[in-house]
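>>> Sequence and computational prediction follow.
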Amino acid sequence: MTVKTIFDAVIVFDEARVQAQTQIELDAGTDVNTILNDGLISAMDEVGELFSAGDIFVPEMLMAAEAMKAGLKILKPHLAEGQSRSKGTVIIGTVKGDLHDIGKNLVSMMMEGAGFEVIDLGVDVAGETFVETAAEKNAQVIALSALLTTTMPSMENTIKAVKEAGLETRIIIGGAPVTQVFADQIGADGFSADAPGAVKLVKQLLT
Ligand code: B12
């Protein structure tokens with residue numbers, strides 16, 4: 001794996017090295033998705049496993065996240081897909097009670113790159129905030145992210161709030177514990193396991 005140096009740098013929380021190696025791989029012509037998936041994302045999977053095993057704790061997880069973000073910053077301009085402007089408005093956020101934002105940011109970046117106007121509400125976002133913003137901005141899609149099994153019910157509550165408000169905004173969901181089965185159960189319009197899939201999904205929903 002040529003991107004092993006990036007993987008290793010995330011694992012030891014070396015932000016500067018992640019940044020430098022990401023740039024080196026880009027300059028060498030390594031595929032952006034290889035850097036993203038085999039370097040940055042798989043390192044975070046490893047970090048999750050180390051956390052589950054009790055080998056590292058929250059501060060270390062946070063430092064790894066910061067190191068990953070440093071790499072994402074370098075990749076951002078290269079994740080753009082096509083140049084056509086505003087294909088629709090997407091409101092994105094991590095649901096109430098959940099502070100994880102790396103995956104959500106990645107989805108947001110790729111949506112922007114694909115030409116959607118993205119309004120990012122950040123983390124720990126209440127259902128009412130999604131409803132108010134979607135109504136105000138006349139958004140076509142709301143994208144909800146959750147990384148904790150304990151915050152998945154916030155997705156269902158948000159969907160209920162959107163429907164009760166009578167909005168026709170489509171709702172898509174994602175995040176590591178989320179599945180297509182769960183999406184069907186709570187009445188979401190779509191689910192994707194990754195950021196490129198999220199872009200495809202929104203394109204499908206809007207045609
Ligand atoms: C980094 C991290 C943190 C960081 C977050 C920093 C940040 N700014 O995001 C910090 C240290 C703050 C943290 C805190 C906690 N965490 Co944490 N964390 C992680 C870790 C290691 C990586 C997550 C990540 O960024 N992955 C990389 C991104 C790129 O992947 P992703 O988020 O899944 O996103 C992709 C897809 O899911 C999808 N996607 C994501 N969102 C969306 C949205 C839409 C609409 C679509 C279509 C697709 C989509 O596309 C993305 C890109 O392809 C995971 C382990 C893991 N491997 O998931 C644990 C993990 C999620 N955390 C966990 C836990 C327990 C916690 C804490 C409760 C720990 C504690 N005791 O305090 C707290 C909770 C804080 C809170 N209230 O949210 C558990 C959750 C277990 C569970 N069953 O719920 C995990 C699984 C670790 C573990 N193995 O136990 N965490």
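Arrived safely, thanks for sending. Residues are numbered from 1 along each chain as shown.

>>> Please identify the residues of the protein in proximity to the ligand?
41, 44-45, 47-48, 51-52, 58, 61-62, 65, 97-104, 106-107, 143-145, 147-150, 172-177, 192, 194-195, 198 (Cβ under 6 Å from any ligand atom). In this view, the C-beta of every residue, glycine as well, is placed from N, C-alpha and C.

>>> Longest helix in the chain, by number of residues?
helix 58-75 (DSSP state H).

>>> Which strands or helices does that one pack on?
Counting contacts by 3 or more Cβ pairs under 8 Å, 6 or more residues apart in numbering; DSSP states H and E, helix 58-75 is packed against helix 4-11, helix 15-27, helix 42-52, helix 102-113.

>>> That one versus helix 42-52: what angle between them?
For helix 58-75 against helix 42-52, the angle by axes from the mean of the first three to the mean of the last three Cα atoms, to 10 degrees is 170 degrees.

>>> So this structure: which segments form each domain?
Here the domain parsing of the chain from automatic domain parsing is 4-79, 89-205.

>>> Out of the ones you listed, which one sits most buried?
Scoring these by mean neighbour count under mean count of other Cβ atoms under 10 Å gives domain 89-205 as the most buried, with a mean of 19.

>>> pLDDT weak spots in the protein?
Flagging of the chain using pLDDT under 70 yields the residue ranges 1, 80-86, 113.

>>> neighbouring contacts of the helix or strand just after the longest helix of the chain?
Following helix 58-75 in sequence order, the next helix or strand is strand 89-94 (DSSP states H and E). Residues outside strand 89-94 that contact it (Cβ atoms under 8 Å, 6 or more residues apart in numbering): 100-101, 104, 107-108, 111, 116-125, 129-130, 133-134, 137-147, 169, 175, 202.

>>> do the same with stretch 184-199
33, 81, 103, 106-107, 109-111, 114, 143-144, 155-156, 159, 163, 170-174, 178-180, 182-183, 200-201, 204-205.

>>> Off-centre distance for that stretch?
12 Å (Cα atoms, centre = their mean, to the nearest Å).

>>> now do the same end-to-end measure for it.
Length of stretch 184-199, first residue to last, Cα to Cα, to the nearest Å: 19 Å.

>>> got the contact list for the closest residue to Phe7 other than its chain neighbours?
Spatial nearest neighbour of Phe7, chain neighbours left out: Ala43 (4.5 Å); criterion: Cβ to Cβ, 6 or more residues apart in numbering. Applying Cβ under 8 Å, 6+ apart, we find Ala43 in contact with 6-8, 10-11, 64, 68.

>>> What is the nearest of the residues you listed to Gly29?
Nearest to Gly29 among the contacts of Ala43 is Ile6, at 15.0 Å by Cβ to Cβ.

>>> doesn't Leu40 make contact with that closest one?
Yes: counting by Cβ atoms under 8 Å, Ile6 touches Leu40, with 6.5 Å between them.

>>> Between the two, which contacts overlap?
Residues touching both Ile6 and Leu40 (Cβ under 8 Å, 6+ apart) are 18, 22, 71.
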